[in-house]
Structure formats: C-alpha cells, structure tokens
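In: Pasting the sequence and the predicted coordinates here, then a few questions.
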Amino acid sequence: MKEISRQLQRFPLELAFWVGSLVAILLLEPHAATHFSLCPLDQLGFTWCPGCGLGRSMNLLARGDFQASWSMHPLAMLAYVVIFTRIWQLIKNLKTTHNYG
C-alpha cells in the first residue's frame, strides 16, 4: 500500500490534466447545437467570453477544417502550441526528476 501511495505522489497531475484536455478536445462534436461548458462566464449567464469556441476551434483544426477553425476562434493554433510545449516540459522534467534519461 505504501508503494502505491508513493507512486501516486510522484504522478504528475498537471501532465494528466493536459493530456486529458487534449483527448476531450478531440472527442468534441464541434457542430452540435448545444454543448457542455466549464466556462465560468457562461455559467454566470454572460453571452460573450474571450475563450468561448476555442475548444471547438481546436477540434476543427485537428480535423483539418482550417477555415472553420479560424472563423470560430483564431487562437486555436497558438493554444495547441502552448499545450504541447507544456506537455513536453513536464515530460522532460519527469525524466530528469526520476532519472529515466
């Protein structure tokens, strides 16, 4: 039990979060009429948010629909760059911290 506890403490939760977010983005249906939103502004009833549409735009970009992606949210490519850069940094940190490489 102590070994499992120690392994869970060493597990990078941020890495799991970013990988999980990419999987969730890829599983989205971008053209659905309604969608689940974690946006706090949307939950408060605001109709405009600077990030709204980013996840659907990233999904469209992954599917190769560049024009629809750009029209939904122009920062989708930048979001991919930021997320993949952070994942790469976390993996490198994991390797050097745990002496894998």
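Out: Structure's in. What do you need?
In: what stretches of this protein score poorly on pLDDT?
Out: For the chain, the stretches flagged by pLDDT under 70 are 8, 35, 98-101.
In: what ranges do the helices span in it?
Out: 2-10, 13-27, 40-43, 54-62, 66-72, 76-97 (DSSP state H).
In: which of those helices is buried the deepest?
Out: Among the helices of the chain, helix 54-62 has the highest mean neighbour count (mean count of other C-beta atoms under 10 Å), at a mean of 21. For the C-beta atoms, the positions are set from N, CA and C on the backbone; glycine is no exception.
In: Quick one: closest of the helices of the chain to Ala33.
Out: The closest of these to Ala33 is helix 54-62. By C-beta to C-beta, the value is 12.2 Å.
In: could you say what helices and strands that closest one packs with?
Out: Here helix 54-62 touches helix 13-27, helix 66-72, helix 76-97, going by 3 or more C-beta pairs under 8 Å, 6 or more residues apart in numbering; DSSP states H and E.
In: would you turn those into CSV with distance to Leu41?
Out: Below are the helices and strands packed on helix 54-62 laid out as CSV (distance: least, C-beta to C-beta, whole Å):
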stretch, distance to Leu41
helix 13-27, 19
helix 66-72, 17
helix 76-97, 18
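In: Which of those helices sits closest to Asp42?
Out: Of all the helices and strands packed on helix 54-62, helix 66-72 comes closest under C-beta to C-beta, at 15.5 Å.
In: so what secondary structure elements neighbour that closest one?
Out: With contacts taken as 3+ C-beta pairs under 8 Å, 6+ apart, helix 66-72 sits against helix 54-62.
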